[in-house]
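> I would like to see how this sequence folds:
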Amino acid sequence: MQVTTRPFLLRSGHMKLTVLLEPDEDSGFSALCPELDVASQGDTEDEAAENLREAVDLLLETAPREEIQRRYRPGVSIRSMEVEYA
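Numbers count the residues shown, from 1 in each chain. Alright, predicted model coming up:
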């Protein structure tokens, strides 16, 4: 992802972001970038992920720096856990 240099980026011009994909109730998939609180959707996982990339690119290109800094939450991690239920 190409972006302009900002001090909170992982490296100059790059951010490492998470993509969470989830099947929609009816059909298709939802995609979420939790670090920037941006979401999108698509008919397939790949389409949802690509649409999310476009939404993130648009945010980074057009939003004021303060808005991006307000949204940006680095350090998101994903873990699995097992639970018992009756």
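> how about residue 25, secondary structure?
coil (DSSP: H, G, I helix; E, B strand; the rest coil).
> skipping adjacent residues, who's closest to the spatially most central residue of the chain in space?
When CA atoms, centre = their mean is applied to the chain, the residue found nearest the centroid is residue 33 (1.7 Å). Residue nearest to residue 33 in three dimensions, not counting chain neighbours: residue 17, with 5.2 Å by CB to CB, 6 or more residues apart in numbering. From N, CA and C alone the C-beta is placed, and that goes for glycine too.
> and what of residue 23?
In space, residue 23 is closest to residue 29, 5.8 Å off (CB to CB, 6+ apart).
> give me the number of residues near the one you found?
20 (other CB atoms under 10 Å).
> and if you look at residue 15?
Residue 15 has 19 neighbouring residues, counting by other CB under 10 Å.
> that one and residue 72: what is the separation?
Per CB to CB, to the nearest Å, residue 15 is found 8 Å from residue 72.
> and for these two, which residues touch both?
Contact criterion CB atoms under 8 Å, 6 or more residues apart in numbering; residues shared by residue 15 and residue 72: residue 35.
> how about residue 84, phi and psi?
Dihedral angles of residue 84 (phi, psi; degrees, to the nearest 10) stand at phi -100, psi 140.
> brain fart, residue 44
phi -130, psi 170.
> for the longest helix seen in the chain, the distance to its chain's centre please.
Longest helix of the chain, by residue count under DSSP state H: helix 45-62. Here helix 45-62 shows a centroid-to-chain-centroid distance of 8 Å under the convention CA atoms, centre = their mean, to the nearest Å.
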